[in-house]
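Participant: this one's structure only:
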């Protein structure tokens, strides 16, 4: 009897899990992009691919390891401007590419150094740093090319598939405040707190070609467009130890980021079967209705292990390893206990902890600095079996991975005038991804009738590349 009850409960849980699969997938995508931290910061930091956890002396390294503030020799201020170019490409029978560029204020910050005078002082200095940076750029434009093999059926008949778009814009931003110290020029320690905010807009739509009217019809997802906004915070502590003048070792621990009351504002239309006299053609669609929901999110914590070898005044080579703990990712509601149990089970089943590797180097020639770096990040997603529809309108089973591994390279140079300095950098990243169209109801907007219900997911192989060109200007005082 007990075994029968357990079997029934397991079956019910499996059915609920499967029923919510599409909603879970949407949350898992958002969880990843809100926890993903692009290589943002100063031009020097990015030119070395962020491999500076054991070096310090740069405002961006304080965000990585707060002990890095203790390395500053004098107070300083910096500002960084950049141009970002994002390329998205998708294969769905034919290929469709999109390129967008934008000018950004990447970061700005200040380091204040308070020296303790006296040769016998153990704590040589205290340093306060305040630093704003764009933590991640959420802009993405995915387009499926037209395909005459696919017919979109709706009340008005059936029309050829003329395209699909999934467009996101927005960013997450971070303000870091840290306190660090220098103990006998051997041990550097620090602690910081990070305040985050996010803004994310998304729209999803199908396009159908009406041959009779010779026009393109747009069907928008019934819970799109949406805008999400929220705020969060995290804390981090770190240390840098120099056993010799040439060797530097670093360790930093980052808590999860606790996002609170993320608000999702979205558009929804009620679809009802009413008499033709009421709206012309059934089913009748209500006017756009604004709705919203809220949720809380904990994104992963991480550990950063760093090492560097300093070649006197000639330069440095450094290496960072980051272990990111996606097992700490959780969704929850402040009002309904257990509301996101299904989504959390999905996260646990299909996400994993990851490793990230960064290596960077700097060569110094008089006042010039020449830099380069490389980084690699594992995908946090386990492959999951999903039945999808391909470009030939046939069903097949794939091992689905929403976002693949990432590779990046970087170059840069700098010049130091003494009190003033300038740095330039260029970095390139690439990662592959599998893209699935959103299932569910799509509405012909701005009219009182017309809908398409998609019960299957169309599959396209996508890739994303990003180029960043940065200029950092700074001064010591």
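Facilitator: Cool, the structure landed. Only a predicted model underlies this, so the values are computations on that prediction, with no experimental measurement involved.
Participant: alpha carbons only for contacts and neighbour counts from here, please
Facilitator: Noted.
Participant: Which SSE is immediately downstream of the helix or strand containing residue 34?
Facilitator: According to DSSP states H and E, residue 34 maps onto helix 21-35. Later in the chain than helix 21-35, the nearest helix or strand by DSSP H and E is helix 43-47.
Participant: in that following helix, what's buried?
Facilitator: 43, 44, 45, 46, 47 (16 or more other Cα atoms under 10 Å).
Participant: Repeat that for stretch 69-89.
Facilitator: Buried residues in stretch 69-89 (16+ other Cα under 10 Å): 69-72, 75-89.
Participant: what do you get for stretch 113-132?
Facilitator: Using 16+ other Cα under 10 Å as the test for burial, stretch 113-132 gives 113, 123, 124, 125, 126, 127, 128, 129, 130, 131, 132.
Participant: can you check stretch 347-362 too?
Facilitator: For stretch 347-362, by 16+ other Cα under 10 Å, it's 347, 351-362.
Participant: sorry, back to before: so which one among the buried residues of stretch 113-132 has the lowest pLDDT?
Facilitator: Within those, pLDDT reaches its minimum at residue 124, with 88.
Participant: Make sure it is actually in contact with residue 187.
Facilitator: No: between residue 124 and residue 187 there is no contact under Cα atoms under 8 Å: 10.5 Å.
Participant: Closest to residue 291 out of the buried residues of helix 43-47?
Facilitator: The shortest approach to residue 291 among the buried residues of helix 43-47 belongs to residue 46, at 40.4 Å (Cα to Cα).
Participant: that's a strand at residue 373, yeah?
Facilitator: Yes: when DSSP: H, G, I helix; E, B strand; the rest coil is applied, residue 373 is found to be in a strand.
Participant: Let me have the buried residues of stretch 113-132 in JSON lines, adding secondary structure and distance to residue 339 as columns.
Facilitator: Below are these laid out as JSON lines (DSSP: H, G, I helix; E, B strand; the rest coil; distance: Cα to Cα, whole Å):
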{"residue": "113", "secondary structure": "strand", "distance to residue 339": "48"}
{"residue": "123", "secondary structure": "strand", "distance to residue 339": "50"}
{"residue": "124", "secondary structure": "strand", "distance to residue 339": "51"}
{"residue": "125", "secondary structure": "strand", "distance to residue 339": "49"}
{"residue": "126", "secondary structure": "strand", "distance to residue 339": "46"}
{"residue": "127", "secondary structure": "strand", "distance to residue 339": "44"}
{"residue": "128", "secondary structure": "strand", "distance to residue 339": "41"}
{"residue": "129", "secondary structure": "strand", "distance to residue 339": "40"}
{"residue": "130", "secondary structure": "strand", "distance to residue 339": "37"}
{"residue": "131", "secondary structure": "strand", "distance to residue 339": "36"}
{"residue": "132", "secondary structure": "strand", "distance to residue 339": "34"}
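Participant: ok, which stretches of the chain are helices?
Facilitator: 2-19, 21-35, 43-47, 59-64, 276-279, 341-350 (DSSP state H).
Participant: Mind telling me which of the ones you listed the model trusts least?
Facilitator: The weakest mean pLDDT among the helices of the chain belongs to helix 2-19, with a mean of 41.
Participant: Show me what the top strand by length along the chain packs onto, helices and strands only.
Facilitator: Longest strand of the chain, by residue count under DSSP state E: strand 157-183. The criterion is 3 or more Cα pairs under 8 Å, 6 or more residues apart in numbering; DSSP states H and E, and the helices and strands that strand 157-183 contacts are strand 123-137, strand 140-144, strand 147-154, strand 187-210.
Participant: tell me the most buried of the ones you listed?
Facilitator: Ranked by mean neighbour count under mean count of other Cα atoms under 10 Å, the helices and strands packed on strand 157-183 are led by strand 140-144, which reaches a mean of 23.
Participant: Just the terminal-to-terminal distance for stretch 242-262.
Facilitator: Start to finish, the residues bounding stretch 242-262 are 42 Å apart (Cα to Cα, to the nearest Å).
Participant: just stretch 31-40 next, same as before
Facilitator: In terms of Cα to Cα, the two terminal residues of stretch 31-40 are separated by 19 Å.
Participant: What are the contacting residues of it?
Facilitator: Applying Cα atoms under 8 Å, 6 or more residues apart in numbering, the contact partners of stretch 31-40 are 46, 49-50, 60, 106-107, 133-138, 172, 297, 299-300, 329.
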